[in-house]
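> Build me a model:
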Amino acid sequence: MRPYEKPIRKIIFSTVCILLGNALLAFLVAAFVIPHNIIMGGTTGIGIVLNRLFPQVEVSVYVLVLNVLLLLAGWRILGRQFALTTIASTFLYPVFLGAIQRIPGIESLTGNSLTAALFAGTLMGVALGLVMRVGSSTGGMDVVDMVLAHWTHLPVALFVWLGDLVVIGGQAFFSPAENTLLGIIVLVLESIVLDKVMLVGKAQSQVFVISKRYEAIREMVMNDLSAGCTMVEIETGRLRIPAKGVLCVIPQRKVYDVTERIRALDPESFMTISQINEVHGRGFTTEREMRDEVPAGQDYSA
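Residues are numbered from 1 along each chain as shown. This is a model prediction of the structure:
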C-alpha cells in the first residue's frame, strides 16, 4: 500500500460511517420515535417537546437550531478541533430527518409501540456507534456533556446519563406513563448496542501458554497461524525453576485452532485465554513489519 493510500481510505471510511450513522439515526426517529410518541434524550427530545408546544415548526428545524447553537458554544469553549469533528453531524442529521419525514408511509411501518421502541433502541445504538467509531460526535447534547466534563473534570458518561434523564423527565410531564417506559427501553438498548458496535472488529483474544515446548509453540504461532508472539521470562512457583511463556494476541476466530494445536504439541501445557476489547500497535493498527534480525536490547512482538 502506498503511503498516501491509507489516509485516503481512512477519510473515505470516516465519511461513509458519518453519513450512514446520521441517516440511520434520522430514519429511526422519523419511523419509530415520533409516530409512537416515544420520549428520548438529546436535542431530538427537546425538539419533540418544543414541537408539541409550538407545532407550527417541524422537529427537524428545532434540532437544527439547537445543534448550531451548541456547536458554536462548543467551538468557543472546547476549541476548533472539537467543532470540526462535530460540524458534519450538526447539519447532516436535521437535514436527513426533515427529508425522511416526507417519505410517504414512513410513520406507519409498525402499529406496535413496543416493536417501535425495540427497533429504535437497537438502531440508535448502531447509528451512534458508526459515528463514534471514527472519532466524530453526533453534536447536540454531546457538546453540553463535553463542556460540563471539561469544567468539572468528571466523567463524560455521567453527564450523558444526567442529560438524557433531564430531557426524558421533561417529556414525562405531558406524556403517558407507557411512553416514558418505552423511552427507558430505548435508552437501555441504545447503551448496550452502542458498546457492542464500538467493539466490533476490535476485540481480540490473548493466549498465554506455559510449556516446556515453548520453542515449538512459538514456531507454530508465527509460521502456521501468521501471528506475532512475545516470549516472557517466568519462574515456576513451587520449584522456582526458570522457564518461558508464550504470549500472543489473535482474532477470536482463531482461538479454537490455536488451542488445539497447542494441546497437540504439549497436552500438559498451562494455558489461559482472555478477551481484549481493543488492541493497538504493530500488526494490528499499523502495518506488520517482518524482521529476520532484531537489534540487541529490542523486542518485536509482531
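
> Could you use CA atoms for every contact and neighbour count after this?
Noted.

> Pretty sure residue 107 sits against residue 30.
Yes. At 6.6 Å, residue 107 counts as touching residue 30 under the criterion of CA atoms under 8 Å.

> the more surrounded of the two?
residue 30 (25 against 21; other CA atoms under 10 Å).

> re earlier: shared neighbours of residue 107 and residue 30, anything?
residue 101 (CA atoms under 8 Å, 6 or more residues apart in numbering).

> On the pLDDT front, check residue 3 for me.
The model reports residue 3 with a pLDDT of 49.

> nope, residue 119 is what I meant
pLDDT, read off for residue 119, is 94.

> Quickly find the element holding it.
Using DSSP states H and E, residue 119 falls within helix 113-133.

> What residues sit buried inside that helix?
Neighbour-count burial for helix 113-133, counted by 16 or more other CA atoms under 10 Å, picks out 113-114, 116-133.

> and it, what other elements does it pack with?
helix 5-28, helix 177-199 (3 or more CA pairs under 8 Å, 6 or more residues apart in numbering; DSSP states H and E).

> After the longest one, which helix or strand is next?
The element immediately downstream of helix 5-28 (helix or strand, assigned by DSSP H and E) is helix 42-53.

> So which bits of that following helix are buried?
42-51.

> Convert the helix or strand hosting residue 159 to PDB, retaining C-alpha atoms only.
Per DSSP H and E: residue 159 is located in helix 156-172. The C-alpha trace of helix 156-172 is given here as PDB (Å, rounded to 0.1, in the frame of the first residue of the first chain):
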ATOM      1  CA  VAL A 156     -18.500  12.400  30.300                       C
ATOM      2  CA  ALA A 157     -20.700   9.300  30.800                       C
ATOM      3  CA  LEU A 158     -22.100  10.800  34.000                       C
ATOM      4  CA  PHE A 159     -23.400  13.900  32.100                       C
ATOM      5  CA  VAL A 160     -24.700  11.800  29.200                       C
ATOM      6  CA  TRP A 161     -27.000   9.900  31.600                       C
ATOM      7  CA  LEU A 162     -27.900  13.000  33.600                       C
ATOM      8  CA  GLY A 163     -28.700  15.000  30.400                       C
ATOM      9  CA  ASP A 164     -30.900  12.200  29.000                       C
ATOM     10  CA  LEU A 165     -32.700  11.800  32.300                       C
ATOM     11  CA  VAL A 166     -33.400  15.600  32.400                       C
ATOM     12  CA  VAL A 167     -34.800  15.600  28.900                       C
ATOM     13  CA  ILE A 168     -36.800  12.400  29.300                       C
ATOM     14  CA  GLY A 169     -38.100  13.700  32.700                       C
ATOM     15  CA  GLY A 170     -39.200  16.900  31.000                       C
ATOM     16  CA  GLN A 171     -41.200  15.000  28.400                       C
ATOM     17  CA  ALA A 172     -42.700  12.700  31.000                       C
END
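
> With residue 69 as the reference, measure out to residue 151.
19 Å (CA to CA, to the nearest Å).

> more crowded one of the two?
residue 69 (13 against 9).

> Ramachandran angles for that one?
phi -60, psi -40 (degrees, to the nearest 10).

> Helices of the stretch 151-300 of the chain, start to end?
Taking DSSP state H, counting those that start in this stretch to define them, one finds helices in the stretch 151-300 of the chain at 156-172, 177-199, 214-219, 255-265.

> Just name the most buried of those.
Comparing the helices of the stretch 151-300 of the chain by mean neighbour count (mean count of other CA atoms under 10 Å), helix 177-199 comes out on top with a mean of 19.

> What are the contacting residues of that helix?
37-40, 113-114, 117-118, 120-126, 128-130, 132-133, 168, 172, 277-278.

> can we see that at 7 Å?
37-40, 114, 117-118, 120-122, 124-126, 128-129, 133, 172, 277 (CA atoms under 7 Å, 6 or more residues apart in numbering).

> try stretch 111-118
Contacts for stretch 111-118 (CA under 7 Å, 6+ apart): 32, 36, 110, 182, 185-186.

> Could you give the average pLDDT over stretch 125-143?
Stretch 125-143 comes out at a mean pLDDT of 76.

> got the end-to-end distance for that stretch?
18 Å.

> per-residue pLDDT, residue 208?
Taking residue 208 on its own, its pLDDT is 93.

> wait, residue 99
The model's pLDDT for residue 99 equals 91.

> re the thing from before, show me the two of the contacts of stretch 111-118 that sit farthest apart.
Using CA to CA, the pair of those lying farthest apart is 110 and 185, separated by 17.0 Å.

> Reformat the helices of the stretch 151-300 of the chain as JSON lines; add mean pLDDT.
Output for the helices of the stretch 151-300 of the chain, formatted as JSON lines (pLDDT from 0 to 100):
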{"stretch": "helix 156-172", "mean pLDDT": "71"}
{"stretch": "helix 177-199", "mean pLDDT": "81"}
{"stretch": "helix 214-219", "mean pLDDT": "91"}
{"stretch": "helix 255-265", "mean pLDDT": "88"}
